[in-house]
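Chemist: Structure for the following, please:
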Amino acid sequence: MSSLSPALVAHLPTGMLAGGQWTAASGGRTFEVVDPATGEVLFDVADASPEDGRRALGSAADAAAEWRAVAPRERSELLRAVYERIVARSGAFASLITAECGKPLAEARAEVTYGADFLRWYAEQAVRADGLVRTAPAGANRQLVHRRPVGPALLVTPWNFPIAMATRKIGPALAAGCPVVIKPAHQTPLTTMLVAEVIRSEAAERGLPAGIVNVVPTASSSDLVAPLLGDDRLRKLSFTGSTAVGRTLLKQAADQVLRTSMELGGNAPFIVFADADLDAAVEGATVAKLRNAGQSCVAANRFLVHDSVAREFAQRLADRFAGLRVGRGDVDGVDVGPLIDEKAVAKVAELVDDATGRGAQVLTGGDRPDGPGTFFSPTVLSGVDTDARVVREEIFGPVAPVVAFGDDDEAIALANDTEYGLAAYAYTASLARALRVGSEVDAGMIGINRGMVSDASAPFGGLKQSGLGREGGEAGLEEFLETVYVAL
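Modeler: Below you'll find the predicted structure:
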């Protein structure tokens, strides 16, 4: 079965988790998890029903008061212990990510390190939910302001980073004292379930409440999530996914006036100014575009390049992409893995066809390699029309459209010409330009002369229709805390 070790296969949970117990879904329903590099079925996983979801939420609600009363230091020590256990099993986690997600093992190992770091960071933040006591301005009384957990939280995670997207939500929720119900993406539930098992096991050994982490895998997300959002036991929704789905969930969350945090779609500009170091820009562009085969919300989507260097940059980038090896993530030397499924391949192909139909030139790639699996060749397009779909829509694939600009004003205008505002990148030798990009480009995260911005200690989130709230950093803990004022 793929390259997974027999020991991992034997001990990997495939059920749903509620109240500290892994069980089958009601009626024994299951769905298949498929290796996108081969089409091979990896496991049959429990397909939780709406009733199963309510049972899991009930477990979280039952644990809420006890978990809230657990000392912050104990929560901290739990998260630190889970961090250490995941790091100790990093090889197993990486192989599982590669099997269900497809990304090369080197990227999977990096994701394990990144994902585990959220648990370490929030282990440190668990004891730092500060409040204050002060005399009221009129002097008649004192004001006590303290923080307390929001309550049971529903965490809905995407498929593209199955450990990091889970820990980025679980870490601050548990640190704040909120029990959780996790609904992982049906394409990649296995890694998240293994994380939950580590937490369940560690919590049980420490005598902590059994219902602090619950998992409801399902192939029918909307059927399960909607009833939970209408349940008055739920107090918080954290979602990562598309803007379209986010809008729907916000509407559904409104009836219970739930606290929400949303990390939604992106259309990140990658700006290369005339004074940029082109060698560094090409390497940064490769990282920003091809991490997880371009299947990242913060992937560079539009390459805006000064017209004096646009032709040279596009050709250098094409040469770099052409030298990369595409294939199964568990094969040595592979640089770019598959897309997640056939639907993803079809969308990327449509975007490329639309661009070429509008006059764009394919400098490399532009097609699907022969053989099994859902692959698409790393692609560079030049002379791309700004109205092309590949410029207007989130690509989520290994395609780099290059658009030329004339001056700094045009570059910033093009960068902001989108409904999204998640991430942006810029390469320049000028500090003044860098500062202008940082203040005028509409994005929640901006990388200057670097192709990666993600860090557990930094706030992750976007502007405009890229979402609400922040994950990571000190801000991530705030999303799971209420502020209470007491007049004394």
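Chemist: From here on, just use CA atoms for contacts and neighbour counts.
Modeler: Fine.
Chemist: Show me what secondary structure element comes after the lowest-mean-pLDDT helix or strand in the chain.
Modeler: None of the helices or strands of the chain scores lower by mean pLDDT, DSSP states H and E than helix 6-11, at a mean of 88. Per DSSP states H and E, helix 6-11 leads on to strand 16-18 as the next helix or strand towards the C-terminus.
Chemist: Could you list the residues in contact with that next one?
Modeler: Strand 16-18 is contacted by residues 22-25, 46, 48, 55-56, 59, 211, 213-217 when judged by CA atoms under 8 Å, 6 or more residues apart in numbering.
Chemist: let's go with 7 Å and repeat that
Modeler: 22-25, 46, 48, 55-56, 59, 211, 214-217 (CA atoms under 7 Å, 6 or more residues apart in numbering).
Chemist: Check what pLDDT M1 gets.
Modeler: Here, the pLDDT recorded for M1 equals 48.
Chemist: just the buried members of the contacts of strand 16-18?
Modeler: Buried by 16 or more other CA atoms under 10 Å: 22, 24-25, 46, 48, 55-56, 59, 211, 214-217, out of those.
Chemist: Sticking with the residue in the chain sticking out farthest from the centre, tell me its helix or strand.
Modeler: Distance from the C-alpha centroid of the chain peaks at A140, with 48.2 Å (CA atoms, centre = their mean). Using DSSP H and E, A140 is not contained in any helix or strand.
Chemist: Distance check, it against E312.
Modeler: 70 Å (CA to CA, to the nearest Å).
Chemist: same thing with V156?
Modeler: In this view, V156 and E312 are 42 Å apart by CA to CA.
Chemist: and those two? which has more neighbours close in?
Modeler: Neighbour count, other CA atoms under 10 Å: between V156 and E312, V156 has more, with 22 against 13.
Chemist: Give the full set of residues in contact with that one.
Modeler: Counting by CA under 7 Å, 6+ apart, V156 makes contact with I182, K183, P184, S238, F239, T240.
Chemist: got the residues you listed as TSV, with neighbour count, secondary structure and pLDDT columns?
Modeler: Below are those laid out as TSV (neighbours: other CA atoms under 10 Å; DSSP: H, G, I helix; E, B strand; the rest coil; pLDDT from 0 to 100):
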residue	neighbour count	secondary structure	pLDDT
I182	27	strand	98
K183	27	strand	98
P184	26	coil	98
S238	23	strand	98
F239	25	strand	98
T240	22	strand	98
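Chemist: Closest to G473 out of these?
Modeler: For the contacts of V156, the residue nearest G473 by CA to CA is S238; the value is 15.7 Å.
Chemist: what bridges to the closest one?
Modeler: L155, S261 (DSSP bridges).
Chemist: what do you get for W22?
Modeler: In this entry, W22 is beta-bridged to L17, by DSSP bridges.
Chemist: is it true that it touches G15?
Modeler: Yes - if you go by CA atoms under 7 Å, W22 and G15 touch, sitting 5.6 Å apart.
Chemist: Nearest residue to L12 in space, please, no chain neighbours.
Modeler: With sequence-adjacent residues excluded and distances taken as CA to CA, 6 or more residues apart in numbering, L12 is closest to L194, at 6.5 Å.
Chemist: Can you read off the pLDDT for the one you found?
Modeler: Here, the pLDDT recorded for L194 equals 98.
Chemist: My read is that T30 contacts S49, right?
Modeler: No - with contact defined as CA under 7 Å, T30 does not reach S49; the gap is 10.3 Å.
Chemist: follow-up on the earlier one: and of the contacts of strand 16-18, the nearest to L414?
Modeler: Within the contacts of strand 16-18, the smallest distance to L414 is 40.1 Å, found for P217 (CA to CA).
Chemist: which ones are touching that closest one?
Modeler: M16, A46, D47, A48, K183, P184, H186, P189.
Chemist: And the fifth one, how far from P36?
Modeler: Here the distance between K183 and P36 works out to 21 Å (CA to CA).
Chemist: same thing with E342?
Modeler: According to CA to CA, E342 stands 9 Å off from P36.
Chemist: Can you check which residues contact both of these two?
Modeler: Shared contacts of E342 and P36 (CA under 7 Å, 6+ apart): T374.
Chemist: Please say which of those two ends up with more neighbours.
Modeler: Neighbour tally, E342 and P36, criterion other CA under 10 Å: the higher count belongs to P36, 26 against 12.
Chemist: per-residue confidence at that one?
Modeler: 97.
Chemist: what's near enough to touch it?
Modeler: By CA under 7 Å, 6+ apart, P36 lies in contact with E100, C101, G102, P338, L339, I340, D341, G373, T374.
Chemist: If you rank those by neighbours, which is first?
Modeler: Going by other CA under 10 Å, G102 tops these with 33 neighbours.
Chemist: For V181, pull up the helix or strand it's in.
Modeler: Using DSSP H and E, V181 sits in strand 180-183.
Chemist: where along the stretch 1-150 of the chain do the strands fall?
Modeler: All strands of the stretch 1-150 of the chain, identified by DSSP state E, counting those that start in this stretch, fall at 16-18, 21-23, 30-34, 41-46, 132-135, 142-149.
Chemist: which helices and strands does the longest one pack with?
Modeler: When contacts are defined as 3 or more CA pairs under 7 Å, 6 or more residues apart in numbering; DSSP states H and E, strand 142-149 sits against strand 132-135, strand 481-487.
Chemist: Not counting the shortest one itself, show me its contacts.
Modeler: So that's strand 132-135. When contacts are defined by CA under 7 Å, 6+ apart, strand 132-135 is touched by residues N141, R142, Q143, L144, V145, H146.
Chemist: Am I right that F480 is in contact with A173?
Modeler: Yes - counting by CA under 7 Å, F480 does reach A173; the two are 5.8 Å apart.
Chemist: quick one: which of the helices and strands packed on strand 142-149 is nearest V287?
Modeler: Among those, if distance is taken as CA to CA, the winner is strand 481-487, at 34.8 Å.
Chemist: quick check, distance from the closest one to the centre of its chain.
Modeler: Centroid separation for strand 481-487 versus its chain: 31 Å, with CA atoms, centre = their mean, to the nearest Å.
Chemist: Likewise for stretch 87-104?
Modeler: Put simply, stretch 87-104 sits 16 Å off its chain's centre (CA atoms, centre = their mean).
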